[in-house]
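Colleague: Requesting a structural model of the entry that follows:
(chains A, B and C)
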Amino acid sequence: MTSAGLAPGDGVLLRAAGLTKTFRGDGVPVPAVRGVDLSLRHGEFAAVTGPSGAGKSTLLHLLGGLERPTGGQIWLGGRRVDGLSEARWAATRRRHIGFVFQFFNLVSNMTVADNIELPALMSGMTRREAARRREELLGRLGLSGKAGLPPARLSGGEQQRVALARALAHRPSLLLADEPTGSLDSAAAASVLGLLRDAHADGQAILLVTHDARVASLAERVISMFDGMIADDAILPAMLEQAHALPSVLKLKG
Amino acid sequence: MPAVIRWIRSDLRARWAQCTATAAVVAGVVTALLLSATLLASATNPWPGLFAQTRGAQIWLRLAAGTSVAGLRSRVDGVMAVAGPYRVAPATMVLAGVKAPVQVRAMPLAQPQVGRVLMEQGRWLDRPAPDGVVLEASLAQAVHAAPGSRLVLEGLDGSEVPARVIGVAATSDQGYYPDVQPGLMWVQRALLRRVEPVAGHTEEMLGLRLASSAQTGFVVQQVVTQLGSRAVLSVSTWQDVQRSMARQYPLLGLLLAVFGLVALGAAVLAIATAVGGRVLAQLQDLAMLKTLGFTPAQVTGMLVVEHAALALAGIGVGIGAARLLTMPLLHGLPGLPAAVTPLPAGWAGAIAGGTLLGVAAAAALPSWRAGRVRPVAVVRYAPPRGRLSWLARAAMAARLPAPIVLGAHAAFLRRMPALLTVAALAVPMIMMTVGLGFWSTLDDVQNHPADIGLAASVTVSPGAASPQQARRLIAADPQVARAYPGVRATALVPGETSTITTLGMGTSARPYPFHVVAGRLYRAPGEAVASQGLLDALHVQVGEFVRMAVGGVPVIFHIVGRIIEPEYGGQVLAYGMDTLSEAGAAAPPVFYSLVLRPGVTPEAARARLLRASGGRLDVETVANPADQLGVVRLMMAGLLVVLAMTGLTCVFTASLVGARDQARDVRVLRAMGLTPAQVRACLVTRTGLLALVAVGIGAAAGLAVSSRLINLGAQAYGIGAGIGRPPSAAALATAVILAVALAGLVALVPSPQAASSALTADPALA
Amino acid sequence: MRLPLLALLAKEPAHGYELKSQLERIFGQAYPQPNVGQIYVTLQRLERDGLVRGEHVIQSDRPNKRVYELTDAGRAALASWLEGPSEGQRIRDDFFMKLALSPLCGAADRMSLINRQRRHYLSLMRGLSRLASQSDRAAVIPRLLIEGAMLHLQADLDWLERCQQELV
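Modeller: Predicted coordinates:
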């Protein structure tokens, strides 16, 4: 998997320094993110957890250019991006970033196929390439038969899987996901997680916001946010250590 | 770019009903505008159409008698065909006391190949009527001649040859009388010889039809060279004719232009509300597109391009429809020249371009706001205010049922869209009201011609009978209610710059029942009434005195009233016949204006009188201008249909926006205990209320303005203010009720978008 | 261990090794490699308490084995175990002790305590996820056990966040 155009020598894909965001509502300003430093390498899978209101979604939106930071800097592939105009951000997102939200991921008046092909087309693929990529992704999802349906005819889990496919269609350098399994039942969540695992295995860099520990544990690195700041940023211990701790799962008492 | 096209295609497919409606509205407006413009072009520049239909000649030469024109076609380049030569002679035509110089042209019984004439009334020359003449249309109009009129032709040597009119025809050979004199009259060869026996006093007319009109000057030079400047007495080219035929029709042009522009404006408003409503419903999707990487400019451009494409489709259909409908609708309508001039490309381009710009402008603002939507996924699609509007509170205080209160609340929840919808519905309603007013004015004019001064529908001149015989016959006819003797006298206005027609109608004791709108009718010798046009031209007001030379005799008139008089170009002065005899002015032969008994048609009375007099009386029916304006009725009806369509589109959009607003509330409402029927009543109330307010405002404004507008137009046309009538109450009430009922019905149409958005689980707001 | 063994013997008498195999078969990956020694010790204790009865069986080609079977007292004990409700998992009071008393120790601040515990839980969760993906689809019991453990872990993590909100 290539991240075309975003391959600086040190392997850092995304870097943020001193990122802050304060929402000015009527009256009281709300500091959602208060000074966050983080960096993500190519192909790294990081999860962001924390209680609600900790600023996780805002952080994700800031890193994806959906909100403008009040302060701080962001580098994407070595290029400063925090000051970009909305149009330049759109161009950046088009090529390098894929987004999955918790709800409303699909354009309602386009078919599933069109939805998936849209980012591919926008990033410069030809129509044939986009169609092939769409078929490949739908096949891996097991949703090939639903390509011509409008999103309203799919179940929640199917919609979210299609959204993930859409986010990966143009092979972005970075996948940003905000609670992708938040509104799903366990079976649907399991298949979405499987897709994420496969994408990561393909070398996709993923930054995932979740409060589901099972989803967070998929990642190799967990960032805990609390009250707008990063409380903990840890690489989870490797497999070897885990093997010892496991048998304590089942304690047969007597 | 392919992504943009993909989205546009999907959107068009998903909202095909709305898109079709938008395109249809555009098509309707364009068709109406094109037809109106063609009408106007034909009325203002009739020559090209006439020329095409009559296979006219670009050059007409008046040659000395006996000039040899043999072989001219081979000697001169560029001449395709030759008309004539026809023998002509100058003469004076006397009809009902009015003299007019004419050129009497001898024509064969069969219509020629080049330079034909287009019969408008009556028939062409034929053998059974050796004394029959065919008058050119503008000449006939100027002297009030119609088939059956008797006239006398005075030749150069003073001989008087009686003749009668058997037909009126249009031609492209020469311009309109009296701009171009002498007037044109076609006769049979025998009659010409009787009028002008001396061959040396006759001349010849030769028409040349060219391969290309651009060669005119060149060909003229060649012909003059070939024939010699002695032989060619005068040359008239198609440019002269066209210039002479060009007309200003202020009322028609103004009316059509205003209506057309307003229809376009209403359509633009309707499209603006449609686009605004659509954008509102699509905010979520547009935010998603921005997340995917559409720039604001791309989103805005995409929406504008989508609607421009729809506009282009509508314009294409409109042009096609106009082309199909031009001939059937406009050809041969009364009041129009016989031929339809094709619309100049410039006008068609302007209409198409203007419509495209209008639609783009209508789509621009909502599209720009769509471009500014925040790209974050969950867009709070919530109505702005939470408190009950005053309307809803009033409804609640009146203890109206719950669905009505909720509908009233929802109707004005979103200020801007509600105002736009009201405006977009009110404007067509205003125009419809004015249109209905115009309709009822025309009806009034048709049914009560007395109100515009046409009390008499038949005019009789003695003709071959003696004045006493004529008086006796008229008195004896039971179909005649009243007869007013009259004279027509030309008068020199003060300053001697022009002449006007004055009418001595009835006597001061028994005046002709003009329709007086200001002041009063004349009661004593020396008093007179005048039309608005004359008052304006002479810069006098009612109550003032004016001095004129009538038939050479100076007379002082005291203007005591203003009348409505549609003929004589709006400039006429009327008084009792005794005024002239008192002043010592010579009294020319009289005619009689007959007011018929109710229920008697002018044609029947005419036939009766003709029979009673053995054909010797000269009987004419007075044309009702309302008949000529029938074409305007047609245009009005077409424009009203277009306006109704735009109004419907508006209502449809408004109901869609409302349905989406309420889709979120529907589940809550149902849980509260409202039945589906009550929920539907809610939606209907919402749309119906908006429609009611809009239609009410439109009708009220239209009523206030309608009579004033019509009077303004009549005044500008010279007829004079006072003919304006308000729309009939029944018609207006029907229109209002229909509009509101349709609005309610449209609200009931289940919208697929609203239905699916109601079904989609919305956990963000749950 | 006692009551599960009683339950296993309720079906038919068995000796220690057979019981081990049964445990492996039923619980699969959730309980890999049960300790045979511990099983034998537990069986002896059960026999001492009169809940099972052991019998020596002489085998010709194999070492002698002791086969155990359920007594009436054992059956009664089993019945009352099955009918009565079970206690929930005990609160990990060990960690909470640490959290509550750490200011007195002055050794570690609460934030890093919580962080360390969280990392531990997450890595546990990771292991459980891997376990779940490796286990046989058809083996319902192990899967349910693992899911139960994961849900408990999630609850523990949520509780950690509450502690973080209140105490830090």
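Colleague: for chain C, what helix or strand is lowest in average pLDDT?
Modeller: helix C:93-105 (a mean of 70; mean pLDDT, DSSP states H and E).
Colleague: Any regions of chain C where pLDDT drops low?
Modeller: Within chain C, the ranges that satisfy pLDDT under 70 run C:29-30, C:83-93, C:102-108.
Colleague: again but with the stretch 151-254 of chain A, I slipped
Modeller: Within the stretch 151-254 of chain A, the segments meeting pLDDT under 70 span A:238-254.
Colleague: can you map out the strands along it?
Modeller: A:174-178, A:205-209, A:221-226, A:229-235 (DSSP state E, counting those that start in this stretch).
Colleague: Which of the helices or strands spans B:S68?
Modeller: Under the criterion DSSP states H and E, no helix or strand holds B:S68.
Colleague: next one: A:A87
Modeller: helix A:86-96.
Colleague: Same check on A:R34?
Modeller: Using DSSP H and E, the secondary-structure element containing A:R34 is strand A:29-41.
Colleague: other SSEs contacting that strand?
Modeller: Judged by 3 or more Cβ pairs under 8 Å, 6 or more residues apart in numbering or on different chains; DSSP states H and E, the packing partners of strand A:29-41 are strand A:12-24, helix A:56-63, strand A:205-209, strand A:229-235. The way it works is simple: take the backbone N, C-alpha and C, and place the C-beta from them, glycine included.
Colleague: who does that strand pair up with?
Modeller: Its sheet considered, strand A:29-41 pairs with strand A:12-24 (antiparallel) by DSSP bridges.
Colleague: Return the distance of the partner strand from the chain's centre.
Modeller: Once both centres are worked out by Cα atoms, centre = their mean, to the nearest Å, strand A:12-24 turns out to sit 16 Å from its chain's centre.
Colleague: buried sites along it?
Modeller: Of the residues in strand A:12-24, those buried under the neighbour-count criterion (16 or more other Cβ atoms under 10 Å in any protein chain shown) are A:V12, A:L13, A:L14, A:R15, A:A16, A:L19, A:T20, A:K21.
Colleague: now it: mean pLDDT?
Modeller: On average, the pLDDT along strand A:12-24 is 91.
Colleague: what angle sits between it and helix A:56-63?
Modeller: 120 degrees (axes from the mean of the first three to the mean of the last three Cα atoms, to 10 degrees).
Colleague: which residues touch strand A:12-24?
Modeller: Taking Cβ atoms under 8 Å, 6 or more residues apart in numbering or on different chains as the criterion, the residues outside strand A:12-24 that touch it are A:3, A:6, A:29-42, A:44, A:55, A:58-59, A:62-63, A:67, A:69-78, A:173-174, A:205, A:207.
Colleague: Without its sequence neighbours, what residue ends up closest to A:E220?
Modeller: With sequence-adjacent residues excluded and distances taken as Cβ to Cβ, 6 or more residues apart in numbering or on different chains, A:E220 is closest to A:F45, at 5.3 Å.
Colleague: How about the residues of the stretch 51-200 of chain A by chain C?
Modeller: Residues of the stretch 51-200 of chain A that fall close to chain C, judged by Cβ under 8 Å from any Cβ of the partner chain: A:P51.
Colleague: number of nearby residues for the residue of the stretch 51-200 of chain A found nearest chain B?
Modeller: For the stretch 51-200 of chain A, the nearest residue to chain B under the criterion Cβ to the nearest Cβ is A:R94, separated by 2.9 Å. With neighbours defined by other Cβ atoms under 10 Å in any protein chain shown, the count for A:R94 comes to 20.
Colleague: In space, what's closest to it - neighbours in sequence excluded?
Modeller: Using Cβ to Cβ, 6+ apart, the nearest residue to A:R94 is B:G293, at 2.9 Å.
Colleague: how near is the residue nearest to A:A199 when sequence neighbours are not counted to B:P48?
Modeller: The spatially closest residue to A:A199, leaving aside those adjacent along the chain, is A:L168, at 6.0 Å (Cβ to Cβ, 6+ apart). Between A:L168 and B:P48 the distance, using Cβ to Cβ, to the nearest Å, works out to 66 Å.
Colleague: still on that earlier bit, let me see the confidence value for the residue nearest to A:E220.
Modeller: 94.
Colleague: for B:S367, same thing?
Modeller: Reading off the confidence values, B:S367 has pLDDT 89.
Colleague: these two touch, right, the residue nearest to A:A199 and A:L175?
Modeller: Yes. Taking Cβ atoms under 8 Å as the definition, A:L168 is a contact partner of A:L175 at 6.8 Å.
Colleague: No further questions, thank you.
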